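Visitor: Predicted structure and sequence below. I'll ask about it afterward.
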Amino acid sequence: MSDARPRVLGSVVDQETRCIHYHTPLDVIAIKFACCQEFYPCHLCHAETADHDTEQWPIESRGEQAVLCGVCGRQLTVTEYLDTEACPACAAPFNPGCKLHTDFYFQT
């Protein structure tokens, strides 16, 4: 893992990737969007600032590092993220409500 964190676009409000839409203590991930390969805190930030429509990560891309832990900077694969409730590197808990939005980001 590189020491440099990827750039996170959108309405980010703090160093742990919380945004104006989702900013509870558990909202500490950013997602790399398949359509542009850029990290955003959420689908609403992408919709507000990107100049294109969202595309889901295809099922065959589950090994792609597409989720960023905003606490420690670890990048998780889609599979790692979908199979956990906390960062495997720093144990920061992730918002369980994010699973309700899985289909915005990943084919299921």
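Guide: Thanks, I have it.
Visitor: Centroid-nearest residue for this protein?
Guide: residue 31 (2.3 Å; Cα atoms, centre = their mean).
Visitor: And residue 87, how far from residue 77?
Guide: 13 Å (Cβ to Cβ, to the nearest Å). (Each C-beta comes from the backbone N, C-alpha and C, glycine too.)
Visitor: picking that back up, OK, contacts around the residue nearest to the centre of the chain?
Guide: 39, 40, 41, 42, 66, 67, 68, 105 (Cβ atoms under 8 Å, 6 or more residues apart in numbering).
Visitor: Let's see the pLDDT reported for the residue lying farthest from the centre of the chain.
Guide: Residue farthest from the centre of the chain, counting by Cα atoms, centre = their mean, is residue 51 at 18.8 Å. For residue 51, the pLDDT comes out at 95.
Visitor: Can you name the element that comes right after the helix of greatest length in the chain?
Guide: When the chain is parsed with DSSP state H, its longest helix is helix 43-49. Using DSSP states H and E, the helix or strand that follows helix 43-49 towards the C-terminus is strand 65-69.
Visitor: got the CA coordinates for that next one in CSV?
Guide: C-alpha atoms of strand 65-69 as CSV (Å, rounded to 0.1, in the frame of the first residue of the first chain):
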residue,chain,number,x,y,z
GLN,A,65,-9.5,-2.3,-5.2
ALA,A,66,-12.5,0.0,-5.2
VAL,A,67,-13.1,1.0,-1.6
LEU,A,68,-11.0,3.3,0.5
CYS,A,69,-11.0,3.3,4.3
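Visitor: got a list of contacts for that strand?
Guide: 5-6, 8, 17, 28-32, 34, 39, 57, 74-78, 80-81, 87, 89-90, 92, 105.
Visitor: do that again at 10 Å, thanks
Guide: 1, 5-6, 8, 16-17, 28-34, 37, 39, 41, 57, 74-82, 84, 86-92, 94, 98, 105-106 (Cβ atoms under 10 Å, 6 or more residues apart in numbering).
Visitor: I'd like the average pLDDT over the helix or strand that comes right after it.
Guide: In the C-terminal direction, the helix or strand that comes right after strand 65-69 (DSSP H and E) is strand 75-77. What strand 75-77 shows for mean pLDDT is 98.
Visitor: Mind putting the contacts of residue 31 into CSV with distance to residue 12?
Guide: Formatted as CSV, the contacts of residue 31 follow (distance: Cβ to Cβ, whole Å):
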residue, distance to residue 12
39, 10
40, 9
41, 6
42, 10
66, 17
67, 15
68, 11
105, 17
